[in-house]
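# Okay, sequence plus prediction incoming.
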Amino acid sequence: MIIAQTPGSPYWAQVLISALGLFGGASGLGVLATIAVQRRKLKADTAGALTDAALALVQPLRTRVTELENEALAVREELATSQRELQELRATVWDLSRTLDRWREAILAPDATMRRIQALVTEEERRVRNQRRRSP
């Protein structure tokens, strides 16, 4: 505020100029306060937008990872099934090889007769039937 009155200038003009200066300074402070608040809001909005963008990028990746995990689980199950089937096939081949060796021995034996070979084949068929009954 102006304390001394200058000649040629009315008192009310000085008061008016002082009041306008005071309000102008207050509005300047108001503008600065508004800018500070808007800056914080802008930072929060920017952080929110970045978070939304990151989530938008991550969601398809999560979906794809879930799909790949399901596919991997299915492949593991198929592999386990295939390994069981392979084990069963190996056991069958081993049994058939033993049967073939026994028959070859019986056929090539010096004292081989048709009755002995037929008895061996009949016995082998009976053994296989019994095994199939025991297996589920």
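Ah, there it is.
# What about the closest residue to I117 other than its chain neighbours, how many residues nearby?
Leaving out its chain neighbours, the residue that sits closest to I117 by Cβ to Cβ, 6 or more residues apart in numbering is A106, at 5.3 Å. In short, each C-beta sits where N, CA and C put it, glycine included. A106 has 17 neighbouring residues, counting by other Cβ atoms under 10 Å.
# next one: I117
So I117, with other Cβ under 10 Å, has 14 neighbours.
# Can you tell me the element it falls in?
Taking DSSP states H and E as the criterion, I117 maps to helix 114-134.
# Surely the residue nearest to I117 is in contact with A112?
Yes: between A106 and A112 there is a contact at 6.1 Å, judged by Cβ atoms under 8 Å.
# quick check: mean pLDDT across stretch 93-106?
In this model, stretch 93-106 has an average pLDDT of 91.
# SS state for T46?
helix (DSSP: H, G, I helix; E, B strand; the rest coil).
# list the contacts for the nearest residue to R102 once chain neighbours are set aside?
Once flanking residues are discounted, R102 sits nearest to L120: 6.8 Å by Cβ to Cβ, 6+ apart. The contact partners of L120, by Cβ atoms under 8 Å, 6 or more residues apart in numbering, come to 102-103, 106.
# tell me, how many neighbours does V128 end up with?
With other Cβ under 10 Å as criterion, V128 counts 13.
# before we move on, what about A91?
When neighbours are counted by other Cβ under 10 Å, A91 registers 10.
# Tell me how far the helix or strand where it lies lies from the chain's centre.
Using DSSP H and E, A91 sits in helix 11-108. Centroid separation for helix 11-108 versus its chain: 8 Å, with Cα atoms, centre = their mean, to the nearest Å.
# quick one, it and helix 114-134 angle?
Helix 11-108 runs at 160 degrees relative to helix 114-134, counting by axes from the mean of the first three to the mean of the last three Cα atoms, to 10 degrees.
# Show me what helix 11-108 is packed up against.
helix 114-134 (3 or more Cβ pairs under 8 Å, 6 or more residues apart in numbering; DSSP states H and E).
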